[in-house]
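Colleague: 3D model of this:
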Amino acid sequence: MADAFEFESDRAYARIVELIFGGAVDPAEPLSERKLAQQLDIGRMPVREALRKLERESVVEVKPARGTFIRTITADGLSEIYDLREALECLAARRATERDPSPTLVNCGTRLRVMGRDPSAFTSREINDVGTELHDAMFDSAGNPQLEEMVRFMRMRFRLAFNLPRYFARELVSEILLEHIALFEAISNREPEIAEALMRAHLRRGLQIRLNLDRSSPNLPNPTSRPKENIE
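Modeller: Okay, the predicted model is just below:
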């Protein structure tokens, strides 16, 4: 019975995460256990446990007498998260240059190189997905389990920060693709200073893009902008 409840709780968690990060939930509206249970066709207890887990991960917050809401991130909060990302990912980039690239990292690099030859042959989402995989593979290649554990612990908070509305031109997607390729090359060539500098510049540029976009459209997508992209 306990196993069945745990399975339902995990299923509720996965589905609610999908709704939140898929933009299907209005951040201004409380998350109703009853409505979520009906919508997902899952019992209220597993939904309640899933929301408690998301609260522990700082994805949602309980406001007394108001309900449970998706946690909003201020510009200061976003900057703080990127400060942490910079510390962790610059360290991971440097450590990854000290070891042979993991098979996962090599696979990501190979696909990035192929995409770099003709970015127009791939969708922005396809390019972004491989870029996101590169960041994860870099931690694996760094060979530091404690560092990898810290990143796993912060992953949900990072995802929440990344879920700000983002509308990017195709040219920007291609530029970030080139940044990822350059980072992979530096790691493969065992150039720690270059890899660390590239990662720092990449993250600082990403933060500035997000802050600028947040100022121009803090609540609603701009209907005149390009299709939405999620860029790591």
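Colleague: quick check, Lys35 in a strand?
Modeller: No: counting by DSSP: H, G, I helix; E, B strand; the rest coil, Lys35 is not found in a strand; it is helix.
Colleague: Now for it: which residues touch it?
Modeller: Under the criterion of C-beta atoms under 8 Å, 6 or more residues apart in numbering, Lys35 has no contact partners. (C-beta placed from N, C-alpha, C; glycine too.)
Colleague: Model confidence for it, exactly?
Modeller: You'll see Lys35 listed with a pLDDT of 95.
Colleague: State the distance from Ala195 to Leu40.
Modeller: With the distance defined as C-beta to C-beta, to the nearest Å, Ala195 ends up 43 Å from Leu40.
Colleague: Of those two, give the one with the bigger neighbour count.
Modeller: Ala195 (26 against 19; other C-beta atoms under 10 Å).
Colleague: For Pro64, what are phi and psi?
Modeller: In terms of degrees, to the nearest 10, the main-chain angles of Pro64 are phi -50, psi 130.
Colleague: Would you quantify the distance from it to Pro30?
Modeller: Where Pro30 is concerned, Pro64 sits at a distance of 12 Å (C-beta to C-beta).
Colleague: Looking at these two, which is more packed in?
Modeller: Pro30 (15 against 5).
Colleague: Skip the chain neighbours and tell me the closest residue to the more buried one.
Modeller: Closest residue to Pro30 apart from its sequence neighbours, by C-beta to C-beta, 6 or more residues apart in numbering: Gly67 at 3.0 Å.
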